[in-house]
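[1] just need the structure, nothing else, for what follows:
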Amino acid sequence: MQAAFTNGKGPKVLYLPNEGDFREESRQVGGRAAFAEMAQDGTIGELLIYSFLADWRSDRNQARCHEALLTHVRSFQPDIIFWQHPSEYPLSSEFIRAIRACGSSPLIAYHEGDPYDRFYKKITPTTKTLYVESDIFWTTGLGMPRRLFSELRVHPHFYYSPSSFDRERFGSEPIDILKLGSKYDAVMFGTIATKWRSLFKQPDSMQRVRLARKFAHLFGDRFAAFGRGWPRKTNSRGPISYGSQAEVIQLSRMSVIWDLYPHSTFYFSDRLPIALGSGVPFITNGRKGLDVVLGRAPGLYLVDTIEDALDVAVYLRGLPIEEIADIGLAARAWALENLEARAVFRRAFETCRRQRAKSQQIPENNL
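    Numbers count the residues shown, from 1 in each chain. Below you'll find the model as predicted:
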């Protein structure tokens, strides 16, 4: 729990970030920074942050955790509750009604950052409950996720919000042209998750493996894959901490990934904004909707096949390092303006404010 700022004019907001434990490295750096900035500039009148999921995982005592959340709601009396990916936190319609009955009748906004499908990542009971009971909902993927959620409820306030990155970890370090490309030509960050032997837990995982093997064959030791679960012949270097990605990316000419969940249109993982924010060109597979969201992004190369990715990589390898640096600087500037957490969450929160004003008939100049 953290009381951040009191400003007086804007709505009172209870922000519930998806944080798996109480360690500093587990914090939602971007989300916290975005809401703190809105509290500082008066967009939010008073802000309270509560790590609901970390609290639940500390002892998994449902009664205690539910009472703790209800206590925060009763004492703080929020106008808006902004809830991120609840994971396995136990929720029921009765509990959501208890939250609403705590006095302030808060607007409940649910932001979901994971893609869903019918087989690999199914909508959980917790996700279903919060979606059905929410007043506003955002998803980072359309297509299949939109259809699945709409089978549960045709939500009147269903919106798209892109994956984001935070500038604290990935967009602040100057790009050092002497380090850029000094160790690698290309790097890849990702996980290969399996259930039993070679049975993948995520769709298109084999394409990701094939891409890594092709890059390893083409670039040799000038290519490296980072993360868990990589099989042989992928030049795996094992996992690194989430916040260390930028440091490694900036030792390379480019970053590359084959994104998963192909039936989630408009979806891209945070690897994309992290790479652009870190200031290097990024190669990834295209899908429907990315031309709409990312059509003007410099330094982004969308491909249809693995062979196309190899061709782009060879092209980038042949450019002078000064040109790679210029592409990276333009990519970073675009990402900071469009995909940094402050921009993404401010756009989402503006929807909350307007919906609250509409429901309570608050004049727009008093938002």
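
[2] please count neighbours and contacts with C-alpha atoms only from this point.
    Will do.

[3] which residues of the protein fall in strands?
    2-6, 12-16, 46-49, 80-84, 107-112, 136-139, 142-143, 158-160, 184-189, 223-226, 252-257, 264-265, 282-285, 300-303 (DSSP state E).

[4] so what touches the second one?
    The set of residues that contact strand 12-16 without belonging to it, under Cα atoms under 8 Å, 6 or more residues apart in numbering, is 35, 44-52, 73, 77-84.

[5] pretty sure F200 sits against R208.
    No. Between F200 and R208 there is no contact under Cα atoms under 8 Å: 11.3 Å.

[6] neighbour count for those two, which is higher?
    Taking other Cα atoms under 10 Å, F200 and R208 do not tie; R208 has more neighbours (23 against 15).

[7] distance of the closest residue to the more buried one other than its chain neighbours relative to I192?
    The shortest distance from R208 to any non-neighbouring residue, by Cα to Cα, 6 or more residues apart in numbering, is to W258 (5.0 Å). With the distance defined as Cα to Cα, to the nearest Å, W258 ends up 11 Å from I192.

[8] when those two are compared, which one has more neighbours?
    Applying other Cα under 10 Å to W258 and I192 shows that W258 carries more neighbours, namely 27 against 17.

[9] who's in contact with the more buried one?
    D204, Q207, R208, L211, T284, N285.

[10] could I get those in JSON lines, plus columns for distance to Y131?
    Putting these into JSON lines (distance: Cα to Cα, whole Å) gives the following:
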{"residue": "D204", "distance to Y131": "27"}
{"residue": "Q207", "distance to Y131": "32"}
{"residue": "R208", "distance to Y131": "31"}
{"residue": "L211", "distance to Y131": "35"}
{"residue": "T284", "distance to Y131": "30"}
{"residue": "N285", "distance to Y131": "29"}
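
[11] which one of those residues is nearest G31?
    T284 (25.2 Å; Cα to Cα).

[12] now tabulate the strands of the chain in JSON lines and tack on distance to R354, mean neighbour count and mean pLDDT.
    Shown next, in JSON lines, are the strands of the chain (distance: least, Cα to Cα, whole Å; neighbours: other Cα atoms under 10 Å; pLDDT from 0 to 100):
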{"stretch": "strand 2-6", "distance to R354": "21", "mean neighbour count": "15", "mean pLDDT": "55"}
{"stretch": "strand 12-16", "distance to R354": "14", "mean neighbour count": "24", "mean pLDDT": "98"}
{"stretch": "strand 46-49", "distance to R354": "17", "mean neighbour count": "23", "mean pLDDT": "98"}
{"stretch": "strand 80-84", "distance to R354": "11", "mean neighbour count": "22", "mean pLDDT": "98"}
{"stretch": "strand 107-112", "distance to R354": "11", "mean neighbour count": "23", "mean pLDDT": "98"}
{"stretch": "strand 136-139", "distance to R354": "11", "mean neighbour count": "23", "mean pLDDT": "98"}
{"stretch": "strand 142-143", "distance to R354": "23", "mean neighbour count": "20", "mean pLDDT": "98"}
{"stretch": "strand 158-160", "distance to R354": "14", "mean neighbour count": "17", "mean pLDDT": "98"}
{"stretch": "strand 184-189", "distance to R354": "38", "mean neighbour count": "25", "mean pLDDT": "98"}
{"stretch": "strand 223-226", "distance to R354": "42", "mean neighbour count": "24", "mean pLDDT": "98"}
{"stretch": "strand 252-257", "distance to R354": "37", "mean neighbour count": "26", "mean pLDDT": "98"}
{"stretch": "strand 264-265", "distance to R354": "27", "mean neighbour count": "21", "mean pLDDT": "98"}
{"stretch": "strand 282-285", "distance to R354": "35", "mean neighbour count": "24", "mean pLDDT": "98"}
{"stretch": "strand 300-303", "distance to R354": "33", "mean neighbour count": "19", "mean pLDDT": "98"}
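
[13] flag the shaky bits of the stretch 251-367 of the chain, pLDDT-wise.
    For the stretch 251-367 of the chain, applying pLDDT under 70 flags the ranges 362-367.

[14] now the helices for it?
    Per DSSP state H, counting those that start in this stretch, the stretch 251-367 of the chain carries helices over the ranges 271-278, 290-294, 306-317, 321-338, 341-360.

[15] deepest of those, which one?
    Highest mean neighbour count of those: helix 271-278, a mean of 28 (counted as mean count of other Cα atoms under 10 Å).

[16] can you give me how far that helix is from the chain middle?
    Centroid separation between helix 271-278 and its chain, computed with Cα atoms, centre = their mean, to the nearest Å, is 11 Å.
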